[in-house]
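[1] Dropping a prediction and its sequence here:
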Amino acid sequence: MKLEDIKVTYEVRREERVSIITPVLEVDSDSVRTLIAFLKVDGHELISSQRIRFENGPNRLTLKPVKIVKTPGFEESYEYRMELHISPDGKEYHIDQFMLRLL
């Protein structure tokens with residue numbers, strides 16, 4: 001399994017002024033592996049580093065959700081840059097980027 005083989009999607013749920021973003025990782029692994037992952041939003045680490053374990057075969061893992069609250073009085077839409085960092089050793093990272101526009 002290569003890091004580039006990991007399919008990353010983001011489940012987004014909105015509740016009034018709050019958006020909850022949950023990264024989902026899917027991959028067919030050829031062995032049991034433990035990787036390190038964390039999520040940055042606009043350059044800030046909002047999901048601290050966590051170990052994720054892939055079993056041999058198909059895997060679907062959800063990471064901890066991130067909650068973004070829209071600032072009261074700021075009625076314009078805003079675009080957030082999500083960067084999911086995934087690493088086998090804490091040194092080299094595969095980075096998946098996702099832009100989210102909140103209205």
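    Here it is on my side, so go on.
[2] check contacts around Leu39.
    Counting by CB atoms under 8 Å, 6 or more residues apart in numbering, Leu39 touches Pro23, Glu45, Leu46, Ile47, Leu63, Val66, Met82, Glu83, Leu84, His85. Where you see a C-beta, it was placed from the backbone N, CA and C, and this is true even at glycine.
[3] redo that, cut-off 10 Å
    Listed by CB atoms under 10 Å, 6 or more residues apart in numbering, the contact set of Leu39 reads 10, 21-23, 45-50, 63-66, 82-85, 96, 98.
[4] That one bridge partners, please.
    Per DSSP bridges, the residues bridged to Leu39 are Ile47, Leu84.
[5] rewinding a little: just the contacts of Leu39: which are in helices?
    When the contacts of Leu39 are checked against helices (DSSP state H), there are no matches.
[6] Show me those residues that map onto strands.
    Secondary structure from DSSP state E places 10, 21-23, 45-50, 66, 82-85, 96, 98 of the contacts of Leu39 in strands.
[7] Check which residues of the helix or strand bottoming out on mean pLDDT in the chain are buried.
    Every helix and strand of the chain was ranked by mean pLDDT, DSSP states H and E. The lowest is strand 94-102, at a mean of 83. For strand 94-102, the neighbour count (16 or more other CB atoms under 10 Å) marks His94, Asp96, Phe98, Leu102 as buried.
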